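K.L.:
Next one to model:
(one chain, ligands or ions: 1)
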Amino acid sequence: MIYDVAVIGAGVSGGSAAMELSKYNLKVVILEKALDAAMGATKANSGIVHAGYDCEPGTLMAKLNVEGSAMMEKLCENLKVPYERCGSFVVGFDDDDKKKIEELYQRGIENGVENMEIIDGEEARKIERHLSHDVKWALYAKTAGIVSPYELAIAMCDNAVENGAEIMLDFEVTSIEKKGNFIISSPGKSIEARYVVNAAGIYADKISKIAGAEEFEILPRRGEYILFDKKAESKVSTVIFQTPSKMGKGVLTAPTVHGNMFIGPDAQDMDDKEDKSTTIEGLNYIKEMAARSVTKIDYSRIITQFSGLRAVYSGKKDFYIKNSDMLPGFVNVAGICSPGLSASPAIGVMVRELLQKAGLEMKENKNYNPVRNVPKPFSEMNEEEINEAYQNDSKYGRIICRCETVTEAEIVAAIHSNVPALTVDSIKRRTRGTSGRCQGGFCGPRILEILSRELNKEPNEIVKSDKNAYIVDSRLREDKHND
Ligand SMILES: Cc1cc2nc3c(=O)[nH]c(=O)nc-3n(C[C@H](O)[C@H](O)[C@H](O)COP(=O)(O)OP(=O)(O)OC[C@H]3O[C@@H](n4cnc5c(N)ncnc54)[C@H](O)[C@@H]3O)c2cc1C
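P.N.:
Residues are numbered from 1 along each chain as shown. This is a model prediction of the structure:
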């Protein structure tokens, strides 16, 4: 089989490109090195759909942010991905901040952002009652929202597959040769494609280099977070930024679409593209900064901390989305740092246009279905719906995750879905199982059992998230038996 397009990377950029291409009669394959989609920056970020006032006017970032943000609501409705247009504030504490807020407002106007206003602290506190009394000014952007980033990427890939694309997980691209078509290889396997989209996130520089396309550098910039339980007091309902610096948009306090709250991220330039650790210094810094924005933070309700790595292009501050001049048929989608999530719906469209420019012919896929067919989560069903679901599948009668009320039926469906859940964390990203207060303490072993049964694997072959992240080490027991 010769694919028309191979998309490398199943984050929001690759997912969006594949979904857009599946609207046409093309053979598309997504190649992802991890055991799931959304395992790069798309997994660990703030989940904010930015209004678009922050980016430098005239940049791709500004254009795609505003376009993507406008597309997001309808897209999430179609893909059944949690999204909420909750609005955002950039808060200011003194006259200097007020100046910066006015600059952001002007930028927003130039970028075409609608529904923004500058209001004083009192007005702002009427909208967000937890805002600190020290806040004197705020830029209020009503079009800003929040989305579940990993669910968005998984849903985009799922929709692409539903409409004819393929996804290959555990396919780490290690070589790309052009022999007429592109031969793209991972240890022990290879595929052939006419066009390639490089959406490999932090490793997009490496992929471009091994293909023989342009050389550039992608630098990792880490951001750490603290996540709070749904039951935390003084949970905010809007996204609260402080004025930005050259390192980024600063520490924010924000709700998640699942009813939690988080604070973060900081911004640390790193040498190691794999270092997603959290640090005492980083966490203390975000605590200190977040305390400026709100009246109170309920630290008794922390449930976890994590970090993500931004993919920063070493050249001009912008996304690097281009047809390669050196390697016809190869498209780079690189340097997709923030606001890449917000821009992602528009990134897919741009990639499709670039491929058309590069000579790829495409005819509309008349059977394309933009609406994802996913059952309602058990936790949102009414009594009648629960009875009906149980009549159809008795596994709805077994609740596995009690914190988030997730049933065995939903877990089994996730394992056998278009983008199959192969790990314990993949189940979490699709069903919320293990993401509650106990963080998998109770339901984790049950989910492991179900994965083992459904995938026909031994429990000690099931991993938490990445390859080699084994949960059960049965060799210990085997050794004991041998004694
Ligand atoms: C701390 C932080 C906060 C952020 N906050 C926001 C925000 O609030 N709003 C916003 O709009 N944006 C935000 N962003 C930016 C946003 O997360 C990214 O722009 C977006 O997720 C990038 O998606 P991507 O698909 O380009 O890259 P990724 O999600 O990194 O995906 C790349 C994929 O390529 C795969 N891959 C890599 N190498 C190979 C290989 N050799 N073979 C096969 N596959 C490979 C990876 O496994 C990965 O799945 C934030 C980012 C960070 C880190």
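K.L.:
Number of residues surrounding D205?
P.N.:
Neighbours of D205 under the rule other CB atoms under 10 Å: 24. Where C-beta positions appear, they are placed from N, C-alpha and C, glycine not excepted.
K.L.:
Please name the nearest non-neighbouring residue to it.
P.N.:
I218 (4.3 Å; CB to CB, 6 or more residues apart in numbering).
K.L.:
so who does that neighbour touch?
P.N.:
Residues near I218 by CB atoms under 8 Å, 6 or more residues apart in numbering: G201, I202, Y203, A204, D205, A311, V312, Y313, S314, A334, G335.
K.L.:
top of those by neighbour count?
P.N.:
These, ranked by neighbours (other CB under 10 Å): first place G201, 30 neighbours.
K.L.:
Give me the nearest residue to it, chain neighbours excluded.
P.N.:
In space, G201 is closest to G40, 3.9 Å off (CB to CB, 6+ apart).
K.L.:
Closest one to Y3 out of the contacts of I218, please.
P.N.:
Lowest distance from Y3 to these (CB to CB) belongs to A204, with 19.7 Å.
K.L.:
so what's that closest one closest to, chain neighbours aside?
P.N.:
Using CB to CB, 6+ apart, the closest residue to A204 is A334 (3.7 Å).
K.L.:
so what's the one you found up against?
P.N.:
N198, A204, D205, S208, F216, I218, A311, Y313, F319, Y320, I321.
K.L.:
change it to 7 Å
P.N.:
Counting by CB atoms under 7 Å, 6 or more residues apart in numbering, A334 makes contact with N198, A204, D205, S208, F216, I218, Y313, Y320.
K.L.:
Specify which member of the residues you listed is nearest to L104.
P.N.:
Nearest to L104 among the contacts of A334, with distances taken as CB to CB, is Y313, at 22.3 Å.
K.L.:
Can you tell me how far that closest one is from the ligand?
P.N.:
Distance from Y313 to the ligand, counting by CB to the nearest ligand atom, to the nearest Å: 11 Å.
K.L.:
Over in the stretch 351-483 of the chain, which residue gets nearest the ligand? Let me know.
P.N.:
D466 (9.6 Å; CB to the nearest ligand atom).
K.L.:
can you give me the strands in the stretch 251-400 of the chain?
P.N.:
252-255, 261-264, 268-269, 302-313, 320-323, 330-334, 399-401 (DSSP state E, counting those that start in this stretch).
K.L.:
which of the residues in the fifth one are buried?
P.N.:
Going back to what we said before, that points to strand 320-323. Y320, I321, K322, N323 (16 or more other CB atoms under 10 Å).
K.L.:
Show me which pair in these is furthest apart.
P.N.:
The widest separation within the buried residues of strand 320-323 (CB to CB) is 11.6 Å, between Y320 and N323.
K.L.:
related to what we said a few turns ago, just send the buried residues of strand 320-323 back as JSON lines, with pLDDT and distance to I411 too.
P.N.:
Listed next are these as JSON lines, based on pLDDT from 0 to 100; distance: CB to CB, whole Å:
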{"residue": "Y320", "pLDDT": "98", "distance to I411": "39"}
{"residue": "I321", "pLDDT": "98", "distance to I411": "37"}
{"residue": "K322", "pLDDT": "97", "distance to I411": "42"}
{"residue": "N323", "pLDDT": "98", "distance to I411": "42"}
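K.L.:
I'd like these as TSV, with distance to C157 appended.
P.N.:
Below are the buried residues of strand 320-323 laid out as TSV (distance: CB to CB, whole Å):
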residue	distance to C157
Y320	23
I321	19
K322	23
N323	23
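K.L.:
what's the lengthiest helix in the chain packed up against?
P.N.:
Counting by DSSP state H, the longest helix found in the chain is helix 60-79. Counting contacts by 3 or more CB pairs under 7 Å, 6 or more residues apart in numbering; DSSP states H and E, helix 60-79 packs against strand 83-84, strand 145-147, helix 149-162, helix 340-357.
K.L.:
same thing but at 8 Å, please
P.N.:
Judged by 3 or more CB pairs under 8 Å, 6 or more residues apart in numbering; DSSP states H and E, helix 60-79 is in contact with strand 48-49, strand 83-84, helix 95-111, strand 145-147, helix 149-162, helix 340-357.
K.L.:
The ligand is nearest to which of these?
P.N.:
helix 340-357 (1.9 Å).
K.L.:
what is the residue nearest to D205 paired to in the beta sheet?
P.N.:
Y313 (DSSP bridges).
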